[in-house]
Every structure is written in C-alpha cells, then in structure tokens.
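Engineer: sharing a model that was predicted from the sequence below.
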Amino acid sequence: MLLVLADKRKSARMLMRKMLRFHSTAAIVSFLGFLLLSATPYVPAQSVPSAPSPGKQDPQLKVRPLPGSSDKKTPEGRMRLDVIVTDAAGNPLSGLSAQDFQLYDNGHPQSIVSFHAFEGTSGGPASLPSVLLVIDTVNSGLTDVSAMRDDAETYLRQNGGHLTHPVTVLLFTDAGFEVVGRPSFDGSSLAQAVHDIKPTVHTIHSAAGGEASVERFQLSGKALGAIVAHEVPIPGRKFMIWMGPGWPLLPQQEVTYNARSHALNYQAIAELTNQLRQARIVLCSAGGGSEFFVRDYLKPVKSESEANSDNLALQVLALHSGGRTLDAGNHSHSAELLNACMSEAGPYYALTFDPPHAEKAMEYHSLKVTVDKPALVVHTSAGYYADP
C-alpha cells in the first residue's frame with residue numbers, strides 16, 4: 001500500500017513538472033496567487049498536502065472582507081493594531097499613554113478610539129503571546145537542517161527548559177506541515193521532540209533548476225497561507241519564527257509577467273498582509289538575511305501592475321508585519337536569532353481606530369504610528385488592503 005501511494009505521489013510530481021516545462025513562465029507565475037489563496041486548511045498534528053491535483057481547475061478567486069479584526073473584543077469594522085515601542089538599545093518600552101501616540105492612515109491623522117497597555121509577560125491569551133516555531137527543511141540543506149535542530153534544542157532548553165511563552169513546534173517538509181510539539185511551556189519536552197525529528201530526503205531537487213525554485217516557492221507560500229488562515233479566528237498575539245533562509249526569489253530576468261499573473265500576485269499579497277494582521281501574527285525570519293538583501297522589494301504594492309513574486313518573499317512579509325529578518329551569518333547561531341525575535345514579546349500597546357472609506361476593492365492603505373518622544377522606534381503593521 002505504501003509503495004502504491006509513493007508511486008502515485010511520484011507520478012503526480014512528475015506530471016506537475018511536465019506541466020511547468022510545457023507552459024510559459026508567465027503562466028507559471030500566474031498560478032502563484034492561486035496556490036497561496038487556495039491553501040489547504042492547516043490542521044494541527046496532520047500534514048498539509050504539498051500540491052493540488054494537477055487537473056484541478058482554477059476556481060474564481062475571492063478575497064474575504066479584510067479590514068476588520070479577528071479579536072472578538074474589537075467591534076466589526078474597527079481596526080486593531082498591536083504596537084511595540086523600543087528604545088535606542090532595542091528594548092521594548094512600557095509606561096506610555098494614549099496621549100503619546102499618533103496614528104496615520106495614508107498620511108492622514110486618525111483618532112485613536114481605544115488604547116490598552118500590556119506587559120506581554122503574564123496574563124491570559126489577551127496579553128501573553130504564543131510562539132509558532134517553524135523548522136523549514138524545504139528550503140534548507142541537510143547540514144543546515146541539522147544545525148537548526150541543534151539551535152532549536154538549545155533555545156528550548158535554556159532557563160532549565162522553563163519557557164516564558166507557550167511554544168508550538170512545526171516541521172515543514174516537502175510533504176507539508178507536521179506538528180512535532182504542541183503548545184507547551186515545557187521546553188525540555190519540546191526539545192526532545194525536536195531531537196527525535198528524523199532527517200528527510202528532498203523530493204524537490206535543486207538540480208531541477210528554475211522548476212524546483214518555482215515549486216519550492218509555491219509550496220512555501222501555500223503552507224504559510226494555510227497556517228496564517230488557521231490562526232485568524234484564534235485570539236491572542238503570536239510570534240511566528242521561521243527558521244531557515246526562506247523560499248527562493250524568482251529572478252526577474254527569468255520571469256515574464258502578464259496582467260493575470262500580476263492580478264493573482266496582488267490578491268495573494270493583500271490576503272497574506274491582512275491575514276497576518278488579523279491573526280495578530282508578528283512574523284520573524286530567523287536566518288533569512290538582513291533587511292539589506294530585500295531592500296528593493298520593501299516598497300508597498302499599491303496596484304496590480306506593481307505586484308511581482310518578489311513582494312511575497314518571507315523577509316518582506318516579516319518586515320511588513322512589524323517583525324524582523326535576521327542574518328544567520330557571521331557565526332551567529334539560530335538560538336541567538338530566536339531570542340532576538342522574541343525580544344519584542346514584552347510590553348506592547350493595542351490601539352483601535354475606525355479605518356477611512358475605501359474607494360475601490362483591495363485599496364492599499366499605509367499605516368504609521370509615531371510616539372512624541374525622541375530616540376524611540378515604533379513597530380507595527382506597515383499597511384492593509386481595504387474594500388469599499
């Protein structure tokens with residue numbers, strides 16, 4: 001039975017690769033948005049299939065109502081922003097009041113309807129963030145995966161294995177996602193679960209060149225979208241720490257975009273951007289490189305014609321969510337990067353406001369929050385996409 005299933009999976013993958021070779025590059029890119037938006041729902045403790053059936057027809061894409069918040073305490077139509085303020089040394093700052101904040105939507109000042117300050121280190125789901133720790137084997141070599149496992153164990157065993165936030169450990173492979181450690185404060189038991197992870201052989205081979213890059217890009221985006229969509233209705237703030245270099249960028253000289261591919265990428269960008277905020281996820285790329293490497297793709301995407309696959313890079317999504325991207329080079333270890341990502345899990349502030357009316361579907365709105373004090377840095381969502 002297992003051999004039959006393996007043969008079927010191999011045949012399906014071979015058929016998909018033949019399709020990729022047959023279609024033009026523009027057609028390949030036009031499927032990216034579809035794969036992200038139609039991700040199989042993420043179900044804890046089960047794997048997500050790696051790809052849809054090759055014969056599945058592309059359905060009519062629909063974008064859900066996006067401006068609202070998933071927080072049950074936030075009235076419908078009102079938007080909530082989780083805001084971290086750090087000092088010159090990068091330490092989260094507490095003790096600020098509503099009068100210290102100014103909020104701007106597309107450059108226009110907005111009234112802050114409600115304001116709450118949280119310590120972020122104690123209390124229930126409303127104030128204590130949870131952690132989704134992702135070990136990415138799809139976009140990493142076997143040596144790198146082994147190092148990531150070791151560093152994850154080091155991180156989980158620190159402080160005698162007593163975690164300050166509940167952690168869920170997820171393993172991302174060519175077959176999809178698997179929960180290897182359910183939410184727990186017991187770092188020692190989670191570390192043992194990570195230690196017991198068996199090495200897996202890649203079914204997406206880098207020797208396939210551009211085809212493999214597209215396949216890894218699609219699989220990674222689909223998996224991220226599935227987890228984020230699952231987290232939207234779950235209350236509480238979350239830190240998703242993605243261990244690994246992130247999925248490959250598709251070189252512009254090898255990609256030919258048409259109107260449909262731009263439109264699908266734009267919908268994918270809007271969906272992921274808004275769902276990350278709705279799910280209250282701060283995305284951190286631990287090992288994806290510094291902001292310098294994605295500086296050309298950080299400009300907000302305001303129209304379909306501007307929407308390319310590079311705007312869906314893990315590092316770009318992380319920075320736009322209010323998170324960060326960190327370099328694993330210079331002899332740094334992932335355990336140190338994990339602590340750096342979690343350094344902003346402390347004091348934070350929740351602001352709500354009534355977003356202005358949108359004139360068109362999926363209209364981009366930039367967000368900016370400032371604090372009337374010198375040498376302070378504010379971290380929050382960079383923007384959202386609204387419907388009339």
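Structural biologist: Arrived safely, thanks for sending. Residues are numbered from 1 along each chain as shown.

Engineer: domain assignment for this structure?
Structural biologist: Structural domains annotated on the chain: 2-49+124-343, 79-122+347-386, as defined by automatic domain parsing.

Engineer: which residues touch the spatially closest residue to residue 157 that is not a sequence neighbour?
Structural biologist: With CB to CB, 6 or more residues apart in numbering as the measure, residue 191 is the residue that lies nearest to residue 157, at 4.8 Å, once sequence neighbours are left out. Heads up, the C-betas are built off the backbone N, CA and C, glycines and all. Taking CB atoms under 8 Å, 6 or more residues apart in numbering, we find residue 191 in contact with 152-153, 156-157, 161.

Engineer: that older thread, and the domains of the chain as CSV, adding mean pLDDT?
Structural biologist: Below are the domains of the chain laid out as CSV (pLDDT from 0 to 100):
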stretch, mean pLDDT
domain 2-49+124-343, 79
domain 79-122+347-386, 94
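
Engineer: now, of the ones you listed, which is deepest in the fold?
Structural biologist: For the domains of the chain, average neighbour numbers computed from mean count of other CB atoms under 10 Å are highest in domain 2-49+124-343, which has a mean of 19.

Engineer: so which of the contacts of residue 191 sit within helices?
Structural biologist: Within the contacts of residue 191, residues falling in helices by DSSP state H are 152-153, 156-157.

Engineer: quick one on the thing from earlier: including distance to residue 321, could the contacts of residue 191 go into TSV?
Structural biologist: What follows is the contacts of residue 191, written out as TSV (distance: CB to CB, whole Å):
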residue	distance to residue 321
152	21
153	27
156	24
157	28
161	29
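
Engineer: closest to residue 299 out of those residues?
Structural biologist: Sorting the contacts of residue 191 by how near they are to residue 299, with CB to CB, puts residue 152 at the top with 33.3 Å.

Engineer: which non-adjacent residue is nearest that closest one?
Structural biologist: Among residues not flanking residue 152 along the chain, residue 194 sits closest, at 5.0 Å (CB to CB, 6+ apart).

Engineer: for that neighbour, give its distance to residue 339.
Structural biologist: Going from residue 194 to residue 339 by CB to CB, to the nearest Å gives 16 Å.

Engineer: the host helix or strand of residue 240 pairs with which strands, parallel or anti?
Structural biologist: Taking DSSP states H and E as the criterion, residue 240 maps to strand 238-243. Based on DSSP bridges, the strands next to strand 238-243 in the sheet, each with its direction, are strand 130-136 (parallel), strand 281-286 (parallel).

Engineer: centre of the chain to stretch 230-249, how far?
Structural biologist: Averaging C-alpha coordinates over stretch 230-249 and over its chain gives two centres that are 4 Å apart (CA atoms, centre = their mean, to the nearest Å).

Engineer: that stretch: end-to-end distance?
Structural biologist: Taking CA to CA, to the nearest Å, the first and last residues of stretch 230-249 lie 25 Å apart.

Engineer: list the beta-bridge partners for the residue nearest the centre of the chain.
Structural biologist: Central residue check for the chain by CA atoms, centre = their mean: the C-alpha nearest the mean position is that of residue 283, 4.9 Å away. Beta bridges link residue 283 to residue 240 when assigned by DSSP bridges.
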